[in-house]
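Novice: following is a predicted model, sequence given first.
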Amino acid sequence: MSCRWIGSRQLAVSATVVLSLVGADEVFAQTQLPSVTVEAPHRQSARSQQQSSQRTARARSAARRATTAPSGAQPQIAEQAAGAGGGHERANGPVIGYLARQSSSGTKTSTPIIQTPQSVTVISAEQIRDQKIVSKFDEVLRYTPGVVGGTYGADFRNDWFLIRGFPAQNESLFLDGLQLFYTSYASWKLQPFNLERVEVLRGPSGILYGGSAPGGLVNAISKLPSAEPIRYIETGINNFGNAYTQFDIGGATAQPGGGQVQYRLVGQAQGGGTQTDYVYDNNFFFAPSVTWRPDADTSLTVFGMASHSNTRALNFLPYVGTVTNAPFGRIPTSLFVGDPSVDQFRRDQEMVGYQFQKSISDSVDFRQNARMAHVDVYYAGLYGLGYATTPAAADITRGNFYTRGIATQLNLDNQLEYRFSTGALQHTALAGVDLKYYGIDDRQGFGMGTNLNLLNPIYGTNLPYSGPLYQNAYLTQGMAAVYLQDQVKLDRLTVVLSGRQDWVDLNNNNRIGTSQSRDDSKFSGRVGAIYNFDFGVAPYVSYMTGYNPVIGTNAAGQLLLPETSEQTEVGVKYEPVGLNARFGVALFDLKRKNALTTDPNNTLFQTQNGEVTSRGVELEAVANITRDFKLVASYTNYELFVSKDLNPALIGTVPTNTPRQLASVWTDYTFSDGPLRGFGLGGGIRYVGSSFADQANTARVPAFVLGDLALHYEWDNHWRAALNVVNVTDRIYVASCATISSCYYGDRRRITASLGYKW
């Protein structure tokens, strides 16, 4: 297998398959596969009976697909009818309130969460709206069990998050079931307003998706065309002068002779200041999509997205002066340690792709999802390296950094789902072929800048770095995989068996050193079982392994080794009869081998240690207590430590910037009648436990508690005004420290006023 083959052929092959299947309805109708059973199937007595059976089966299939959809598939014609008491819900469609019943991310089939033997959390667009998350995607994850969102505080360059203690932003970000992998600084940006829901899988989840971080993955589901008309526009501004306008417009048109064309346009323009001097946060995105439904069994959605981001780096502050007092006191959160004449972080990002679905028969569905993504990141700036002499002098040294990363990613995922029975066993079998290509032109340079006095900063004394590059290479990763899965139901028992074989081709075309290549292959698997009692309790157990082919080199120029992982998880899910809620508890034991850490001898590179273990417990509650009263709550407590390492002194230590306890609760209530009709109040509390700032675990970052608030008012069935406050008490805190020289302030109080109109 070669990367070139994957990169140049996969989209051409996929287009051929789509075109052949769009017009194949009559052929499939003539050759419909019967359900497989142990008993002999009843023979039809006449041709007319066979045709009638086929028409009936196809009607059942259309009805079934109207309420469910697989991972990455486009929304179906029928709209969600769920209310506070439940009802039909598409597995990737909108969620009314906060409680989702269905999810496709865990199995790539439409499966109730209560029947999935894995920890799954779904964050609805309504929750994102209520919390007024405008710019940073990692803020969406802040109330999720087992997840730390915004690891590096108020950093607008990238989204940072941990899942079960492990960094996950590089490998574990997925959009519509397809990976958005990145290395170096060529990161992707997701816009919260463009998302229908966000699904978080905890534990190794690459069995169906390919290489991802061992803690789990995040699968964001885009807003795509719907049969129902959508007309919405909103504008807002916060106390830092950062304003935005966003819109969501969609609808459908009937076609002569039957069929339907649906469309949707989602966009946002946002920009202005932040809590840090000289740091702005400017973003623009536009995401059009069109769905063609020639009949009830066929759909093709074509989508695109273009975005631009412009901001600056911030923080990189010393431990003394942020976590603890320096002789001069504390460093202001507004201090900019870069240089306005040099600093810039600019990202241009484009995506285009399609989602195709064909119902071959009542028991067989074919799906194909493809996307090409391109990102160009330019980043130049100065950042703090610690005190030049002693903290009393208040001078810090600064590095002058430059990088340009231009990356292209191609994804093609083919899925064939077959539902059948063997005696008392009901099967939902899934077979897939997954092809990926990633290539990056990566250039990086580093030199020393001038010192900066923290009490009297003087800017304009530096030029952008223009010296020799320490990294100048074109790195590629090609991956081909096949995966199989069977969801077997016997009465109330569901067993899930999954397996995946990956073949990976890595190449480092080094322009200033030795070029290297390597081929890897690995099998990963999963087995899980869950039993659904009739009173709503569902205990489960699962075991899964993971494989993550890491791209990049260490300080010696050697290709990094692939990561592997394994996890055992037991838990209980509970959906009380008569209450629209779900509660869950999960206990897990997770091991990550060849884990990446910052090289202590050269912080511009990463190295790999032996093994890191994460074990703990997660509690979760999510409820639509009524249609107007919604709640999410979680608690996480885990033990994370280095279990194997070439350096014996590190065994038993906790990796830096990793809190071991998390807790949160958010609720929102809207008055539906009386004199306060239309008014609503929401609020939340977040607790993030202490973490360490050094490998030896001698410097601790304190825990912190933050409060969030939301006030909103809806009237005339058209208007919605809201006032949202993040960090109500304006607590000054350090979100984390990567080293004792690199600490990151968290968000100061941010007040956002907004006004929306729908028609």
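Specialist: Thanks, I have the structure now.
Novice: how about low-confidence regions in the protein?
Specialist: The chain contains residues with pLDDT under 70 at 1-88, 600.
Novice: so how far is stretch 636-651 off the chain centroid?
Specialist: Relative to the mean C-alpha coordinate of its chain, stretch 636-651 is positioned 26 Å out (CA atoms, centre = their mean, to the nearest Å).
Novice: ends of it, how far apart?
Specialist: 23 Å (CA to CA, to the nearest Å).
Novice: what are the ranges of the helices in the chain?
Specialist: 3-22, 25-30, 47-65, 125-130, 206-209 (DSSP state H).
Novice: which residues does stretch 558-566 contact?
Specialist: Stretch 558-566 is contacted by residues 204, 211, 214, 504, 506, 508, 516, 518, 520, 522, 543-554, 590-596, 606, 608 when judged by CB atoms under 8 Å, 6 or more residues apart in numbering. C-beta: built from backbone N, CA, C; applies to glycine.
Novice: ok, now how distant is the spatially most central residue of the chain from Asp159?
Specialist: Among the residues of the chain, the one closest to the centroid is Val218, at 3.0 Å (CA atoms, centre = their mean). Val218 sits 9 Å away from Asp159, going by CB to CB, to the nearest Å.
Novice: any residues in contact with both of the two?
Specialist: Going by CB under 8 Å, 6+ apart, residues that sit against Val218 and also against Asp159 are Leu173.
Novice: buried residues in the strand of greatest length in the chain?
Specialist: Determined from DSSP state E, the single longest strand within the chain is strand 395-422. If you call a residue buried by 16 or more other CB atoms under 10 Å, then strand 395-422 has these buried ones: 395-415, 417-421.
Novice: report the separation between the residue nearest to the centre of the chain and Val337.
Specialist: 30 Å.
Novice: check Val705 too.
Specialist: Separation of Val705 from Val337 (CB to CB) stands at 27 Å.
Novice: higher neighbour count, those two?
Specialist: Shown here are Val705 and Val337; by other CB atoms under 10 Å, Val337 has more neighbours (23 against 12).
Novice: thought the more buried one was touching Asp395?
Specialist: No. Counting by CB atoms under 8 Å, Val337 stays clear of Asp395, with 11.5 Å between them.
Novice: shared neighbours, the two?
Specialist: Taking CB under 8 Å, 6+ apart as the contact rule, Val337 and Asp395 both touch Leu452, Leu454.
Novice: now do the same contact list for Ile230.
Specialist: Asp248, Ile249, Gly250, Gly251, Arg264.
Novice: hmm, which of those are the buried ones?
Specialist: Asp248, Gly250, Gly251, Arg264.
Novice: Pro288 is in contact with the last one, correct?
Specialist: Okay, so that is Arg264. Yes. The pair Arg264 / Pro288 is scored as a contact, 7.2 Å apart, by CB under 8 Å.
Novice: quick one: the strands in the stretch 451-600 of the chain?
Specialist: 452-453, 469-490, 493-510, 516-531, 537-548, 563-574, 581-593, 596-598 (DSSP state E, counting those that start in this stretch).
Novice: and of the ones you listed, who's closest to Gly150?
Specialist: Between Gly150 and those, the shortest gap by CB to CB is with strand 596-598, which sits at 19.1 Å.
Novice: which helices and strands does that closest one pack with?
Specialist: With contacts taken as 3 or more CB pairs under 8 Å, 6 or more residues apart in numbering; DSSP states H and E, strand 596-598 sits against strand 606-608.
Novice: what is the strand it packs on packed up against?
Specialist: Judged by 3+ CB pairs under 8 Å, 6+ apart, the packing partners of strand 606-608 are strand 596-598.
Novice: strand partners of the strand it packs on, parallel vs antiparallel please.
Specialist: strand 606-608 (antiparallel) (DSSP bridges).
Novice: in the strand it pairs with, what's buried?
Specialist: Buried residues in strand 606-608, counted by 16+ other CB under 10 Å: Gln606, Thr607, Gln608.
Novice: list the contacts for the last one?
Specialist: The one in question is Gln608. For Gln608, the contact set (CB under 8 Å, 6+ apart) comprises Asn554, Leu560, Leu561, Glu563, Asn594, Ala595, Leu596, Thr597.
Novice: at 6 Å instead, please
Specialist: Gln608 is in contact with Leu561, Asn594, Leu596, counting by CB atoms under 6 Å, 6 or more residues apart in numbering.
Novice: how much space between the closest residue in space to the last one that isn't next to it in sequence and Arg592?
Specialist: Think Leu596. Spatial nearest neighbour of Leu596, chain neighbours left out: Gln606 (4.8 Å); criterion: CB to CB, 6 or more residues apart in numbering. Distance from Gln606 to Arg592, counting by CB to CB: 14 Å.
Novice: and the buried ones among the contacts of Ile230, which two are furthest apart?
Specialist: Pairwise distances across these (CB to CB) peak at 11.3 Å, for the pair Asp248 and Gly251.
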